[in-house]
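A.B. asks: structure for the following, please:
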Amino acid sequence: MYLGSRRNVFIKILFLVIFFAVMIAVGLYSRKHASNVNDFVLGGRSVGPWLTAFAYGTSYFSAVVFVGYAGQFGYKYGLASTWIGIGNALIGSLLAWVILGRRTRIMSNHLSAATMPDYFGKRYQSNALRIAASVISFVFLIPYTASVYNGLSRLFGMAFDIPYEVCVIVMAALTCVYVILGGYMATAINDFIQGLVMLAGIVAVIAAVLNGQGGFLQAVRSLSVFESDVAVTAGQQGAFTSFFGPDPLNLLGVIILTSLGTWGLPQMIHKFYAIKDEKSIQSGTIISTFFAIVVSGGCYFLGGFGRLFDTAAIHKEDGSVIFDAIIPQMLSTLPDLLVGVVIVLVLSASMSTLSSLVLTSSSTLTLDFLKDNIIKKMSDKKQLLCMRVLLVFFIVCSVVLALFPPKSIAQFIAQLMGISWGALAGAFLAPFLYGLYWKGVTRAAVWASFLCGVGITVSNLFLSYIASPINAGAIAMVAGLVIVPAVSLVTPKMDGRDVEEIFACLEEQVVVDKKIALPKEPKK
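C.D. replies: This next block holds a predicted model:
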């Protein structure tokens, strides 16, 4: 038994060593693509569809989704939680690419904008907006990053009995190394590799878990006759296998936050800045949507069976549910080889998201806050050095917050992702989206959106007038979509000539093959 246990641990450790070696090798390989600011931040704006689509998907879905959200919402809503994954695929991926992808690439290139705050500054011709956006990004990306680490703690404890602190520090250090070495290109290549692991891993895990319950049909039958939680279902029988689940309204709030929220997150929109060409956008849209259906849909579908694993291990002494323990409890019954795959899967999800967050934060703080504001003359070489130093600083801050959360927020550390998403997307989504399509957006409307997004999520954090931080974030996003046009209609407009020059890039003519677009026929 002892020898078998040692052999099983060896297999898991071997998986990790290979995984980490590949990540570092990619960082070393990508050094040649990080010799200047444009390459380090945007990969030279020449990243193809597969790398961009996987970078988008892996930045989207982290360990928070796989361990935290899938377990929590699968337990609450049953199989109806799969709607969250479908919403992520159709709204968070497909529509985001169709509505934002092409225009973001065109306008960001035209304005020479490398970050979302830079876009705000140049689109609305306000350095104050650029600085404010960079501060909001930096402040609210740190707690989001801290929440990424939390999804790993129980899985590593289950598989290796390794302290959470060691896991966090090792993952942060390795991510830091390959991002510093290769910048965006290293992140994109590693995201592609990590994405392949996530696709294969989630399919294998779902198959193994359902097989352990007697197959899909038997698992559904068991869930349908599961003794209902009266507080959740009000006595409704079969609620956890119903179409919309026991609580459709709160389920809708989760779908809005996790799907529409990506439209206003700096690290997600950044992927469109770097994409190569029209063909890459068309292909990337399909690839990204497929990735989201498999990974996000699979995670929430798996979480929907969480109540079948309702044991004492997922409850505190007072009887309350430990949502982060549900998925690890599911996986504890799997063979050791498959547990090793799961560990690599969750590491892939976490490191890909972490690398995207730290690159976005360090580049934003350097290019939008320090450059030309604090440091007047900043050469390309100094900008690169500053970004790398801030990258380390950002990771250290997030590690400290993850390991030593203040007592005032310790009770909701698992909800930090929702709070961060709500503040960032609530502030940025509306002015970014409207700014791509409507010439009439005013600076005052952008300020109003910033105040609304941050104000609702932060005030609710202390006053709790909206019961769920998830719903608070969703409300902040929807409010911004109403406030921006309303304020724009009653506040001073930007100079018409400046606005026309900004939008001129969208009117430029391009020549394409007939197989792509039919020509206009002359009138007879």
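A.B. asks: so, low pLDDT: which residues of the chain?
C.D. replies: Within the chain, the stretches falling below the threshold (pLDDT under 70) are 1-12, 33-34, 44, 63, 150-162, 226-237, 405-417, 517-518, 520-524.
A.B. asks: and the residue nearest the centre of it?
C.D. replies: Within the chain, the residue whose C-alpha comes closest to the C-alpha centroid is Y60; the distance, by C-alpha atoms, centre = their mean, is 3.0 Å.
A.B. asks: show me what the helix or strand encompassing V342 packs onto, helices and strands only.
C.D. replies: Assignment of secondary structure by DSSP states H and E places V342 within helix 336-364. Identification of packing neighbours for helix 336-364 by 3 or more C-beta pairs under 8 Å, 6 or more residues apart in numbering; DSSP states H and E yields helix 2-29, helix 37-42, helix 49-60, helix 63, helix 127-159, helix 164-212, helix 266-274, helix 380-403. Every residue, glycine included, has its C-beta placed from N, CA and C.
A.B. asks: reformat these as JSON lines; add distance to W421.
C.D. replies: Putting those into JSON lines (distance: least, C-beta to C-beta, whole Å) gives the following:
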{"stretch": "helix 2-29", "distance to W421": "26"}
{"stretch": "helix 37-42", "distance to W421": "23"}
{"stretch": "helix 49-60", "distance to W421": "11"}
{"stretch": "helix 63", "distance to W421": "15"}
{"stretch": "helix 127-159", "distance to W421": "7"}
{"stretch": "helix 164-212", "distance to W421": "20"}
{"stretch": "helix 266-274", "distance to W421": "10"}
{"stretch": "helix 380-403", "distance to W421": "16"}
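A.B. asks: so which of those helices is nearest E501?
C.D. replies: helix 127-159 (18.0 Å; C-beta to C-beta).
A.B. asks: on that earlier part again, what's the distance between the residue nearest to the centre of the chain and D495?
C.D. replies: For Y60, the distance to D495 equals 37 Å [C-beta to C-beta, to the nearest Å].
A.B. asks: just A349 next, same as before
C.D. replies: Applying C-beta to C-beta, one obtains 45 Å for the distance of A349 from D495.
A.B. asks: out of the helices and strands packed on helix 336-364, which comes closest to V341?
C.D. replies: Using C-beta to C-beta as the measure, helix 164-212 is the one of those that comes nearest V341, at 5.2 Å.
A.B. asks: grab the CA positions of stretch 490-502 and hand them over as CSV.
C.D. replies: What follows is the C-alpha trace of stretch 490-502 in CSV, where atoms were taken according to Å, rounded to 0.1, in the frame of the first residue of the first chain:
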residue,chain,number,x,y,z
VAL,A,490,-27.7,66.0,-21.9
THR,A,491,-24.0,66.8,-21.6
PRO,A,492,-21.6,68.7,-23.9
LYS,A,493,-20.5,66.8,-27.0
MET,A,494,-16.9,66.3,-28.1
ASP,A,495,-15.5,68.4,-31.0
GLY,A,496,-17.2,67.1,-34.2
ARG,A,497,-14.0,67.2,-36.3
ASP,A,498,-12.1,65.2,-33.7
VAL,A,499,-14.8,62.5,-33.5
GLU,A,500,-14.9,62.2,-37.3
GLU,A,501,-11.2,61.7,-37.4
ILE,A,502,-11.4,59.0,-34.8
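A.B. asks: isn't A55 right up against A188?
C.D. replies: Yes: under the contact definition of C-beta atoms under 8 Å, A55 touches A188, with a separation of 4.7 Å.
A.B. asks: more crowded one of the two?
C.D. replies: Comparing A55 with A188 by neighbour count (other C-beta atoms under 10 Å), the higher total belongs to A55, at 32 against 28.
A.B. asks: name the nearest residue to the more buried one, sequence neighbours excluded.
C.D. replies: The shortest distance from A55 to any non-neighbouring residue, by C-beta to C-beta, 6 or more residues apart in numbering, is to D191 (4.2 Å).
A.B. asks: OK, contacts around the one you found?
C.D. replies: Applying C-beta atoms under 8 Å, 6 or more residues apart in numbering to D191 gives the contacts L51, F54, A55, G57, T58, S59, S352, S355, S356.
A.B. asks: give me the spatial nearest neighbour of the second one, chain neighbours excluded.
C.D. replies: Which is F54. On the basis of C-beta to C-beta, 6+ apart, the spatially nearest residue to F54 that is not a chain neighbour turns out to be G195, at 3.8 Å.
A.B. asks: what touches both of A55 and A188?
C.D. replies: Contact criterion C-beta under 8 Å, 6+ apart; residues bridging A55 and A188 by contacting each: V47.
A.B. asks: three-state assignment of G245?
C.D. replies: Assigned with DSSP: H, G, I helix; E, B strand; the rest coil, G245 falls in the coil class.
A.B. asks: isn't it right up against G78?
C.D. replies: Yes: the pair formed by G245 and G78 meets the contact definition of C-beta under 8 Å, at 5.3 Å.
A.B. asks: ok, the residue nearest to the centre of the chain - contacts?
C.D. replies: Residues counted as contacts of Y60 (C-beta under 8 Å, 6+ apart) are N88, G92, S93, T262, M268, A292, S296, T353.
A.B. asks: rewinding a little: which one's more surrounded, A349 and D495?
C.D. replies: Comparing A349 with D495 by neighbour count (other C-beta under 10 Å), the higher total belongs to A349, at 32 against 9.
A.B. asks: I figured the more buried one hits Y69, correct?
C.D. replies: No: no contact is recorded between A349 and Y69 when judged using C-beta under 8 Å, the distance being 11.6 Å.
A.B. asks: what residues of stretch 282-295 count as buried?
C.D. replies: Buried residues in stretch 282-295, counting neighbours by 16 or more other C-beta atoms under 10 Å, are found at Q282, G284, T285, I287, S288, T289, F290, F291, A292, I293, V294, V295.
A.B. asks: do stretch 355-374 as well
C.D. replies: By neighbour count with 16+ other C-beta under 10 Å, stretch 355-374 contains the buried residues 355-371.
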